[in-house]
Each structure stands twice: as C-alpha cells, then as structure tokens.
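Novice: Kindly return the folded structure for what I paste below:
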Amino acid sequence: MNIKTMVIEKAKNAKKASRILAGMSTSAKNKALSAMADGLINAKDKLKKENEKDIAYAKEAGLSSALIDRLLLNDKRIDGMAGGLREIAALPDPVGEVTHIWQRPSGIRVGKIRVPLGVIGIIYESRPNVTADAVGLSIKSGNSIILRGGSEAINSNIAIADILIKSAIEAGLPEGCIQFIEITDRQAIQDMIKLDQYIDLIVARGGHELIKAITEGSTIPVAKHSAGVCHTYVDIGADLKMAEDICFNAKVQRPGVCNAMETLLVHKDVAEAFLPDMIKRFLDAGVEIRGCQKTKKIVANIADATEEDWFTEYLDLILSVKVVNDIDEAIDHIETYGSHHSDAIVTKDYERANRFLNEVDSAAVYVNASTRFTDGNEFGLGAELGISTQKLHSRGPMGLEDLTSQKYIIYGNGQIRH
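Specialist: A predicted model of the protein is given here:
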C-alpha cells in the first residue's frame with residue numbers, strides 16, 4: 001500500500017468512527033479515558049524502552065539539551081500523561097450543551113447546541129505527551145483523531161498510540177476513532193492536508209517551515225500552534241524581586257517549550273538597579289545573554305543582540321535583553337517582533353497593567369506572572385490540543401470547547417412561514 005492510499009484509508013476509517021463517537025454518552029467516553037490512563041501506567045517499562053531509542057537518535061543528531069528534554073519520557077511524565085487523561089474525564093462534557101435558546105414571534109424556539117467537529121488531524125513535532133493529550137481531548141469532545149507525529153519521537157509515539165488504541169477499543173469505543181500515521185515521510189502530511197472530505201480541522205504544531213507548508217497546502221481549515229517568541233516587560237516602579245523571580249522562571253524552568261520567555265524588556269529607569277543581579281543570576285544558570293547597546297553599557301561581557309535575535313524563538317538557554325524608554329516602546333517591540341503567543345508585564349501600576357492587557361495582541365497576556373503558565377492543564381482545561389496563535393476559530397490553549405462547533409436546533413408546533 002502506498003503512502004497516499006494508507007492515509008486515505010485511515011481518514012475514511014476515522015470519518016466512519018466519528019459518526020458513532022459523536023453519539024456516545026459521557027460515561028462511555030470517560031470509561032475509555034480511564035482505561036487509556038491505566039494502559040499507560042501499566043506499560044511504563046515499554047514506553048521508557050521505546051523512548052530510549054528516540055533519545056539516542058536525538059543525541060546522535062546533536063540536538064540541544066533543551067530539545068532532548070522535550071522528548072524525554074520518565075515515570076513522572078508518564079504519570080502526567082495518565083493524570084491528564086483522568087483530568088479530562090473529570091471535566092464537563094461540552095457535547096450536547098445548549099448555549100442559547102430564544103423564542104420568535106412565529107412561536108418557534110431557536111437554540112444553539114454544541115456538537116463535535118468530526119475528525120481532527122494533528123501534525124506535531126517532539127513532545128510525545130502531545131499524543132496522549134490530543135487523543136484525550138478529541139475523544140472527550142466526541143471527535144475522531146488522526147495523529148502524525150515527528151520523526152524525532154516516532155518510537156515513543158507509536159508505543160503510546162498503540163496503547164491508547166487498544167485500551168479505547170477494549171473499553172467500547174468504535175474502531176478507527178484513533179488513527180496514527182507511522183510514516184515519517186513528509187508526503188504523508190501533504191496527502192493528509194488535502195482530505196477535506198474526511199477531515200474537518202488540521203491542528204499544526206511545529207517549526208516555522210512546517211507550519212508554513214501546512215497552511216499554504218491545506219484544503220482543510222488549519223489551527224496554527226506557531227512560534228512562541230514570548231516577552232516579559234519589567235515596568236518602572238516594579239517590584240524588582242518579584243520581577244527577578246518571574247523572569248528567571250519564564251526563561252530557565254523549562255527553556256525548550258513555546259511559553260518560555262525569549263526576550264526581556266526593561267524600563268530604562270529601573271535597568272541599572274535590575275539588570276546586573278538579574279543577568280548574573282541568568283549567567284550562573286548557564287543562560288547566554290544577547291543585549292542591546294544600552295544593556296551592554298550596564299552589564300559588560302555579553303554578546304550583541306542582532307535584529308534577527310528579536311525575532312528568534314531560541315527554545316534554549318539563550319535570552320535577548322533590551323532596555324526601552326517606556327511602556328509604549330515595550331508594546332511596539334512586542335507587536336513588531338512577537339509571535340502573538342504569551343507576553344507579560346511586571347508592574348505595580350494599575351493603569352499600565354490594563355494598557356498592557358488591552359493593547360498587547362497575544363493569545364495570553366499576563367500581569368505579574370510567568371508566561372510559563374500558558375498551558376491547557378495550568379488553565380484548568382485538562383490538557384491542550386495546541387496553543388492557537390491565530391484568532392479564528394480558537395485562540396490560546398485549545399481545550400474541549402474549542403474542539404466543538406455549534407448547530408441551530410429549532411422547536412415548533414406546526415408553524416409555517418408566510
């Protein structure tokens with residue numbers, strides 16, 4: 001069977017299963033999610049063994065330690081995947097929720113009800129836990145799912161998908177509702193994104209070139225989980241100890257993820273008081289600093305920040321630092337160089353906090369907190385299918401409601417239109 005035929009067959013099976021899954025009860029879906037969680041816990045040794053192959057390949061390929069960390073599966077992360085499935089099971093089921101209902105002069109009652117999208121295709125790189133999160137959210141929201149993970153995590157993803165599929169079917173879900181494309185050839189992606197007769201939404205998670213290729217080539221609507229060029233702006237009069245802790249967490253706690261800070265912006269009136277200790281703390285933690293000329297006058301022996309640096313998602317222990325004149329320059333910089341993902345202000349000033357919230361056009365905007373919180377689990381969504389950096393149909397971490405649509409339902413008692 002060639003690649004195109006294989007992808008079409010999986011899409012057909014997913015579409016067929018989606019019609020059954022859409023009508024299944026909440027309790028039946030929750031039972032399956034619980035079974036999948038148990039399946040992951042019971043297969044820890046197998047998962048870690050398969051993951052070791054991916055880690056070995058990543059080291060041979062010379063990937064950074066931060067990117068290798070994204071690939072790693074250990075007991076804690078497997079427990080986290082299982083816990084995520086159980087959290088999703090505990091969340092309210094959006095399917096069947098009547099969001100509005102009103103009566104017209106004709107006597108008909110018009111309502112809107114949440115329904116599954118149908119079939120979701122997700123194309124993603126690294127982080128094998130995405131496989132479990134995506135399956136859990138799709139199943140709970142009544143959608144079939146087709147997964148195509150990256151080559152760097154192929155062994156881990158195949159092992160996770162096999163366990164989830166087996167557990168789901170044994171728990172009573174329809175065969176075909178979870179499909180995994182084992183082929184790492186990018187031709188599979190090109191074939192997948194053309195199947196608009198079977199797939200209702202493509203979720204794209206990955207690097208700029210992958211996102212661009214999917215967006216330009218797809219005949220299916222695409223939700224983009226694009227780059228995370230995230231900023232923290234330290235305002236005049238900010239609590240500098242709070243600012244230091246927030247900035248350190250945003251950059252260092254897990255640098256290889258999309259919600260990590262990549263650029264630090266500091267008001268000129270606090271720069272001399274803030275930057276020496278802050279940069280020393282970063283340097284002690286192994287962070288490479290690239291600063292603007294004003295930053296370099298305050299702290300010596302750091303690299304120059306280039307124009308390209310301001311656009312760059314490092315996903316590593318590298319940070320760009322810029323001293324700005326005021327909040328206007330900070331917001332302009334974020335608008336010019338940011339990716340509309342997550343941006344934060346550290347401030348004591350209520351008016352400037354609100355200005356930042358209102359004027360920064362990002363999916364998640366923070367006051368006095370780390371950008372590392374942009375995560376479906378941290379937001380109470382159980383998990384996320386991706387973090388959409390666009391505005392339609394979903395923005396920010398995509399949870400259960402974001403995987404549904406709405407349709408009109410109309411009740412009458414014999415009305416005809418005149």
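
Novice: show me what contacts residue 187?
Specialist: Contacts of residue 187 were listed using CB atoms under 8 Å, 6 or more residues apart in numbering, and they are 3-4. Bear in mind the C-beta positions are built from the backbone N, C-alpha and C, glycine included.

Novice: nope, residue 91 is what I meant
Specialist: 140, 381-382, 400.

Novice: try 10 Å this time
Specialist: Shown in contact with residue 91 (CB atoms under 10 Å, 6 or more residues apart in numbering): 30, 136-137, 140-141, 380-383, 399-401.

Novice: which one of these sits closest to residue 129?
Specialist: residue 383 (8.6 Å; CB to CB).

Novice: Next, count neighbours for that closest one.
Specialist: Neighbours of residue 383 under the rule other CB atoms under 10 Å: 28.

Novice: how much space between it and residue 133?
Specialist: 4 Å (CB to CB, to the nearest Å).

Novice: Give me the common contacts of those two.
Specialist: Joint contacts of residue 383 and residue 133 (CB under 10 Å, 6+ apart) are 80-81, 84-85, 88, 376-377.

Novice: mind listing which of those are in helices?
Specialist: Residues of these located in helices (DSSP state H): 80-81, 84-85, 88.

Novice: follow-up on the earlier one: list buried residues within the contacts of residue 91.
Specialist: 30, 136-137, 140-141, 381-383, 399-400 (16 or more other CB atoms under 10 Å).

Novice: could those be laid out in JSON lines, adding secondary structure?
Specialist: Output for the buried ones among the contacts of residue 91, formatted as JSON lines (DSSP: H, G, I helix; E, B strand; the rest coil):
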{"residue": "30", "secondary structure": "helix"}
{"residue": "136", "secondary structure": "helix"}
{"residue": "137", "secondary structure": "helix"}
{"residue": "140", "secondary structure": "helix"}
{"residue": "141", "secondary structure": "coil"}
{"residue": "381", "secondary structure": "coil"}
{"residue": "382", "secondary structure": "coil"}
{"residue": "383", "secondary structure": "coil"}
{"residue": "399", "secondary structure": "coil"}
{"residue": "400", "secondary structure": "coil"}
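
Novice: Closest to residue 266 out of those residues?
Specialist: Checking those against residue 266 with CB to CB, the nearest one is residue 381 at 32.4 Å.

Novice: Contacts only, for the closest one.
Specialist: Going by CB under 10 Å, 6+ apart, residue 381 touches 84, 87-88, 91, 133, 137, 375, 396-402.

Novice: before we move on, the earlier item: for the contacts of residue 91, which one is nearest residue 178?
Specialist: Nearest to residue 178 among the contacts of residue 91: residue 136, at 10.4 Å, using CB to CB.

Novice: Which pLDDT value goes with that closest one?
Specialist: Among the per-residue scores, residue 136 shows a pLDDT of 97.

Novice: Could you measure from it over to residue 390?
Specialist: Distance of residue 136 to residue 390, computed by CB to CB: 23 Å.

Novice: With residue 62 instead?
Specialist: Noted for residue 62: a distance of 33 Å to residue 390, by CB to CB.

Novice: Give me the more crowded residue out of those two.
Specialist: Taking neighbours as other CB under 10 Å, residue 62 and residue 390 compare with residue 390 leading, 15 against 7.

Novice: and whichever helix or strand residue 99 is part of, how far from the chain's centre?
Specialist: Here residue 99 sits within strand 98-103, counting by DSSP states H and E. Centre-to-centre, strand 98-103 and its host chain are 31 Å apart (CA atoms, centre = their mean, to the nearest Å).

Novice: I'd like the next helix or strand past it.
Specialist: Using DSSP H and E, the next helix or strand after strand 98-103 towards the C-terminus is strand 109-116.

Novice: Retrieve the pLDDT associated with the nearest residue to residue 384 once chain neighbours are set aside.
Specialist: Leaving out its chain neighbours, the residue that sits closest to residue 384 by CB to CB, 6 or more residues apart in numbering is residue 376, at 2.8 Å. pLDDT, residue 376: 90.

Novice: Distance check, residue 376 against residue 364.
Specialist: Distance, residue 376 to residue 364, by CB to CB: 11 Å.

Novice: shared neighbours of these two, anything?
Specialist: Residues within reach of residue 376 and of residue 364 at once, by CB under 10 Å, 6+ apart, are 387, 396-397.

Novice: Out of the residues you listed, flag the one nearest to residue 307.
Specialist: residue 387 (26.0 Å).

Novice: Okay, and the beta partners of that closest one?
Specialist: Bridge pairing for residue 387 (DSSP bridges) gives the partners residue 397.

Novice: That one contacts residue 373, doesn't it?
Specialist: No. Using CB atoms under 10 Å, residue 387 is not in contact with residue 373, being 11.6 Å away.

Novice: Any chance you could list residues touching both of the two?
Specialist: By CB under 10 Å, 6+ apart, residue 387 and residue 373 have these common neighbours: 259, 342, 364.

Novice: can you put the residues you listed in TSV and add neighbour count, secondary structure and distance to residue 307?
Specialist: Putting the shared contacts of residue 387 and residue 373 into TSV (neighbours: other CB atoms under 10 Å; DSSP: H, G, I helix; E, B strand; the rest coil; distance: CB to CB, whole Å) gives the following:
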residue	neighbour count	secondary structure	distance to residue 307
259	20	coil	24
342	31	strand	22
364	22	strand	26
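
Novice: what's the closest of those to residue 150?
Specialist: Among the shared contacts of residue 387 and residue 373, and counting by CB to CB, the member closest to residue 150 is residue 259, at 19.2 Å.

Novice: need the contact list for that closest one.
Specialist: For residue 259, the contacting residues are 228, 230, 250, 341-342, 364, 370-375, 378, 387, 397, by CB under 10 Å, 6+ apart.

Novice: Ramachandran angles for it?
Specialist: When read as degrees, to the nearest 10, the backbone of residue 259 gives phi -100, psi 10.

Novice: got a pLDDT number for it?
Specialist: Looking at residue 259, its pLDDT stands at 95.

Novice: separation between it and residue 342?
Specialist: Counting by CB to CB, the gap from residue 259 to residue 342 is 5 Å.

Novice: Find the residues that touch each one of those two.
Specialist: Taking CB under 10 Å, 6+ apart as the criterion, residue 259 and residue 342 both touch 228, 230, 250, 364, 370-375, 387.

Novice: and the residues you listed as a markdown table, adding secondary structure and distance to residue 168?
Specialist: Putting those into a markdown table (DSSP: H, G, I helix; E, B strand; the rest coil; distance: CB to CB, whole Å) gives the following:
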| residue | secondary structure | distance to residue 168 |
| --- | --- | --- |
| 228 | coil | 31 |
| 230 | strand | 35 |
| 250 | helix | 37 |
| 364 | strand | 31 |
| 370 | coil | 35 |
| 371 | helix | 34 |
| 372 | helix | 32 |
| 373 | helix | 31 |
| 374 | coil | 29 |
| 375 | coil | 25 |
| 387 | strand | 25 |
